[in-house]
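In: coords please:
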Amino acid sequence: MAFMHTGAPGRFARAALSLLLLVVGTWLTVGGAWLTGLGGSLHYVPAGLVTLVVAGLVWRGRPQALWLYLILLVCTMAWALAEVGLDVWLLLPRLGLQLGLTVLLLLVSWPARGAPRDSGSRRAAWTGVVTIAIVAGVLLISSFGSDGPVSTQRVAVPQHGQVDSGDASEWREYGRTKAGTRYVPAGQITTENVHELEVAWTYRTGDLPEAYPGTHNAYSFQTTPLGVDGSLYLCSPHNIVIALEAETGRERWRHDPRIDARGVYMLTCRGVSYHRSAGDGTDCPRRILVATVDARLIALDADTGERCTGFGSDGEVSLLRGMGEVKPGYYLVTSPPTIIGDVAVVGGFVLDNMSVDEPPGVVRGYDVTSGRLLWAWDAGRPAEAGPWQPGEAYTRGSPNAWSVFSADEDLGLVYVPTGNATPDYFGGQRSAAEDRYASSVVALDAETGVLRWAFQTTHHDLWDYDVASQPVLVDLTVDGKPVPALIQPTKHGEIFLLDRRSGEPLAAVEEQAVPAGNVPGERYSATQPVSVGMPSLTPPPLTERDMWGATALDQLWCRIAFQRLRYDGKFTPPGLDRSLAWPGNNGVVNWGSVSVDESRQLVAVSSSYMPLLLQLLPREESFPGEQIRFDGRGVPISPQMGTPYEVSTERPFRSPLGIPCNAPPWGRLSLIDLNSRALIWQRPLGTTRDVAPLGIPVPGAFAQGGSMITAGGLVFIAAAQDDYLRAFDIQTGRELWKGRLPAGGQATPMSFVSTRNGKQYVVIAAGGHQYLQTTRGDHVVAFGLPD
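Out: The predicted model follows:
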């Protein structure tokens, strides 16, 4: 074979390519042998050996180099297709590097001018061209439909029905109604005209880190504005409450509570609450309530933003009263109070994994007019102690309830999703009372706080599978009779359908055996509840072939890392070795919950798939105390004081290049029919365009945020790591429109129809999420059809 450029440039090209092949071949051989020893794939060792041989042939200028590498490329393609089929994003890490090396090898070995037409070098070169074209063609074919909806059932989507969903001009609660369905009975924006949506107005809160020099809090702008009487009410990460003119975004007033953010690891505020007094004679007959990250409950006049002086002391109530010692950042409120009747029900977030002696996770009811404490429900209180009485202490470190609640005024119940007792990953010290209502949805009497029923979604939770999603209330027909139902999504992907009067399952639930661990001092639940009567969004168990990467090299690293982890499927218990929790504690479904088309009884679910690596570490005598430390790789280690173990928590599971080790899609949007209880369609949600190197748009990005459904047959959602708000056809799952946002849309959109101009608006907060690495901002953006 006559190599291109026989002079110094040609020799340099051959030497450089030979060294590159040597490096690649060495890692494939050594790493492949390591993987094989761990019981993994046998592909990499022969691939590495062949690559080393080719490196030597290239160095010596032998014509067999290209032929041998073409054979390896064809064999690798056959292996890759057998592993993952025709999926371009799964094939690329397996074939991309070898395809690129083949192109370089072809360029280096291209026949010189004047070479005979029938020479071996010319035949090898053209064979290489054809082989490269075939492999590229396979990748091209596999790319078709890789980011579109996948229909899973041949089930007809129900037609639009008749249902009274209230006034389309109002969005009075976080989830639009106390039921939390996020359904808007407005049909002005439809599948036919949604592509015409344009920005109607943009407002900026001014709440950005640079406005607070010297602070180091993480940021996330998660608010969903309320729409009441022509005004929008929202809160910023610093709990600044803002009222805007709904049609223009013009600021009407703002109230800055000047929070103390010391120790708060992430600033966020998901929303505010609205209440209108039935009688006269009270100050602030229309009021806005906001709960803050420094644990205050504040009441403001909805018309002026001034404090309601008859509420508590100067318009505020301290939520730290009766809580015992609360260190800065250990107790905060990020979700809006739930108001039912004249009672404002408030939960709170307790900092994870610091100690067993953390603040109580108590849920409390306050008089919405005076701020007087009416009742408290303490999830860790022993049953024999009876209901909590004024003046009694709350249980330290008890299960908390940090997410959004829902309420049924007819039943007089408020529905509370709970977490587990602190810390998350070791529960040997937990009492039976602390386990009893942890990781559950509970129904409390709104007037008294007395427990009416409870349903536990995870027994003796050791995975931080707290119930992060708002319970969503719907009315179904079961066996010909109307039944008030409750949908409870979970972090581990199960969706439970319950009778909200009693907590009894409406869709079958089975207790299934799960693996036990062997950590000294720990105990384990033998079974966990599985919602077999509803479609599950729990991902299939991870296998080695599910490992991913940018190239075959870091994918091999991920395969080795996976094989070294202890993983026994879902509910693999934490141990003294490194284990894999899949799904991880970021959840399949987090605080974004679900939206429900009330007229068709369809549920839209945004889900995310991020593994978590766990390891319990026996506490060293030199441990620095109640603070988070970091290992040599920057992985956080939390103290879990009061237990024998610290805990190392690493997410996401990444290669040395920072690429996720689990294959995409990492985020999906699904549609479920509540009547047939079937999964209608599922599709990747968003892309990695705004966070990946070179803007590579891998379909299905990590997501946090909720969806909204309109009577126009549309599902609106942002949530993903790219800065877009999207609209999908509820019938097919097809993306019909996307609007560019100035920052990440890690929030839930809302919509309303103006009573002034009759126009329907779609509004979303766009401020990003620091941990998802999305674009930071302080924007509220409204979209509408052209005038």
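
In: any idea which element V103 lies in?
Out: Taking DSSP states H and E as the criterion, V103 maps to helix 88-108.

In: Tabulate the CA atom coordinates of that helix in PDB.
Out: Extracted C-alpha coordinates of helix 88-108, given in PDB (Å, rounded to 0.1, in the frame of the first residue of the first chain):
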ATOM      1  CA  VAL A  88     -28.800   6.300  17.200                       C
ATOM      2  CA  TRP A  89     -28.000   7.800  20.700                       C
ATOM      3  CA  LEU A  90     -27.200   4.300  22.000                       C
ATOM      4  CA  LEU A  91     -25.200   3.300  18.900                       C
ATOM      5  CA  LEU A  92     -23.100   6.500  18.800                       C
ATOM      6  CA  PRO A  93     -20.900   5.700  21.900                       C
ATOM      7  CA  ARG A  94     -20.300   2.200  20.600                       C
ATOM      8  CA  LEU A  95     -19.600   3.100  16.900                       C
ATOM      9  CA  GLY A  96     -18.600   6.800  16.900                       C
ATOM     10  CA  LEU A  97     -15.000   6.500  17.900                       C
ATOM     11  CA  GLN A  98     -14.200   3.600  15.700                       C
ATOM     12  CA  LEU A  99     -16.000   5.300  12.800                       C
ATOM     13  CA  GLY A 100     -13.900   8.400  13.300                       C
ATOM     14  CA  LEU A 101     -10.700   6.300  13.500                       C
ATOM     15  CA  THR A 102     -11.600   4.500  10.400                       C
ATOM     16  CA  VAL A 103     -12.000   7.800   8.500                       C
ATOM     17  CA  LEU A 104      -8.500   8.900   9.800                       C
ATOM     18  CA  LEU A 105      -7.100   5.600   8.800                       C
ATOM     19  CA  LEU A 106      -8.600   5.900   5.300                       C
ATOM     20  CA  LEU A 107      -7.200   9.400   4.900                       C
ATOM     21  CA  VAL A 108      -3.700   8.300   5.900                       C
END
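
In: which other helices and strands contact it?
Out: Applying 3 or more C-beta pairs under 8 Å, 6 or more residues apart in numbering; DSSP states H and E, we find helix 88-108 packed against helix 8-37, helix 44-60, helix 64-84, helix 120-143, helix 552-564. All C-beta spots, glycine's among them, are computed from the backbone N, C-alpha and C.

In: Please identify the buried residues of it?
Out: By neighbour count on 16 or more other C-beta atoms under 10 Å, the buried set for helix 88-108 is 88-99, 101-102, 104-106, 108.

In: export the helices and strands packed on helix 88-108 to TSV and tack on distance to Q488, mean neighbour count and mean pLDDT?
Out: Compiled in TSV, the helices and strands packed on helix 88-108 are given as follows (distance: least, C-beta to C-beta, whole Å; neighbours: other C-beta atoms under 10 Å; pLDDT from 0 to 100):
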stretch	distance to Q488	mean neighbour count	mean pLDDT
helix 8-37	40	17	92
helix 44-60	44	20	95
helix 64-84	34	18	91
helix 120-143	37	16	69
helix 552-564	31	22	98
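
In: Now those helices in JSON lines, please, with extra columns for distance to L497.
Out: Output for the helices and strands packed on helix 88-108, formatted as JSON lines (distance: least, C-beta to C-beta, whole Å):
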{"stretch": "helix 8-37", "distance to L497": "43"}
{"stretch": "helix 44-60", "distance to L497": "46"}
{"stretch": "helix 64-84", "distance to L497": "34"}
{"stretch": "helix 120-143", "distance to L497": "37"}
{"stretch": "helix 552-564", "distance to L497": "34"}
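
In: Q188: neighbour count?
Out: Using other C-beta atoms under 10 Å, Q188 has 17 neighbouring residues.

In: swap in the one 10 residues further on?
Out: Burial measure for E198: 10 neighbouring residues, criterion other C-beta under 10 Å.

In: cool, D568 as well?
Out: Neighbours of D568 using other C-beta under 10 Å come to 14.

In: ok, and the closest non-adjacent residue to it?
Out: Leaving aside its chain neighbours, D568 sits nearest to P515 (4.3 Å; criterion: C-beta to C-beta, 6 or more residues apart in numbering).

In: Check V442 too.
Out: In this structure, V442 finds its nearest non-sequential neighbour in A454, 4.3 Å apart by C-beta to C-beta, 6+ apart.

In: And that neighbour, how far from Q488?
Out: Computed with C-beta to C-beta, to the nearest Å, the distance linking A454 and Q488 is 12 Å.
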